[in-house]
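Enquirer: return atomic coordinates for the entry below.
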Amino acid sequence: MREIIGARLQGFAAPGSMGVVRDTRYVRCFWPKLDRPTALFAAGSSGIEVEGPPTPRNVIFPSDTRFTSGTRRDCFFLRHIEAVPLPNGKHRYDEYVAELTAKEAADLREGRVDETLLRASKEFRHVSDGSALIKVNL
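Expert: Numbering: from 1, shown residues only. Coordinates of the predicted model:
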């Protein structure tokens, strides 16, 4: 088994961008910051093992992937960035997330649910203080 340790994988953000991967262990790697669940591995990938921390977020792995050391496989959410105007005319950007179930992530990936409708139905919470976002500007 090939081992990748501490790699920065932020350059992979598009579906399938990691290509077909087989028999590879990712140890304490830095996964990309994704706004929605994304299958980074191309069809045909298998034999992947993930050892964290950190837990990969919004990465849809092949079904036979093994997770070790308490790493979660189902950390899925939608990310929303809200621009907040400041008195000096500039903006501050607040980050909100809405958690998704594994089924919702799979439905989104397979096109069985529309992302805009899913965003409208979810409650988004601020990543720092947990406060709710009143309305997502779609």
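Enquirer: where does the prediction get shaky in the protein?
Expert: The chain contains residues with pLDDT under 70 at 135-138.
Enquirer: find the residue at the geometric middle of it.
Expert: Geometric centre of the chain, nearest residue: residue 58, 1.7 Å, by Cα atoms, centre = their mean.
Enquirer: ok, the closest residue to that residue other than its chain neighbours - contacts?
Expert: Computed as Cβ to Cβ, 6 or more residues apart in numbering, the closest residue to residue 58 that is not its neighbour in sequence is residue 34, at 3.8 Å. Every C-beta, even on glycine, is put in place using the N, C-alpha and C of the backbone. For residue 34, the contacting residues are 13, 57-59, 79, by Cβ atoms under 8 Å, 6 or more residues apart in numbering.
Enquirer: if we go to 7 Å?
Expert: By Cβ atoms under 7 Å, 6 or more residues apart in numbering, the residues touching residue 34 are 13, 57-59.
Enquirer: what of residue 82?
Expert: If you count contacts by Cβ under 7 Å, 6+ apart, residue 82 has them with 94, 96, 133.
Enquirer: among these, which lie within strands?
Expert: In strands, defined here by DSSP state E, the members of the contacts of residue 82 are 94, 96.
Enquirer: what about the closest residue to residue 115 other than its chain neighbours, how many neighbours?
Expert: Leaving aside its sequence neighbours, residue 115 sits nearest to residue 108 (Cβ to Cβ, 6+ apart; 6.1 Å). Using other Cβ atoms under 10 Å, residue 108 has 20 neighbouring residues.
Enquirer: can you confirm residue 108 is in a helix?
Expert: Yes: residue state for residue 108 (DSSP: H, G, I helix; E, B strand; the rest coil) corresponds to a helix.
Enquirer: hmm, it is touching residue 37, no?
Expert: Yes: in this structure residue 108 lies within contact range of residue 37 using Cβ atoms under 7 Å: 5.8 Å.
Enquirer: follow-up on the earlier one: how far away is the residue nearest to residue 58 from residue 85?
Expert: Noted for residue 34: a distance of 27 Å to residue 85, by Cβ to Cβ, to the nearest Å.
Enquirer: I am finished for the moment; much appreciated.
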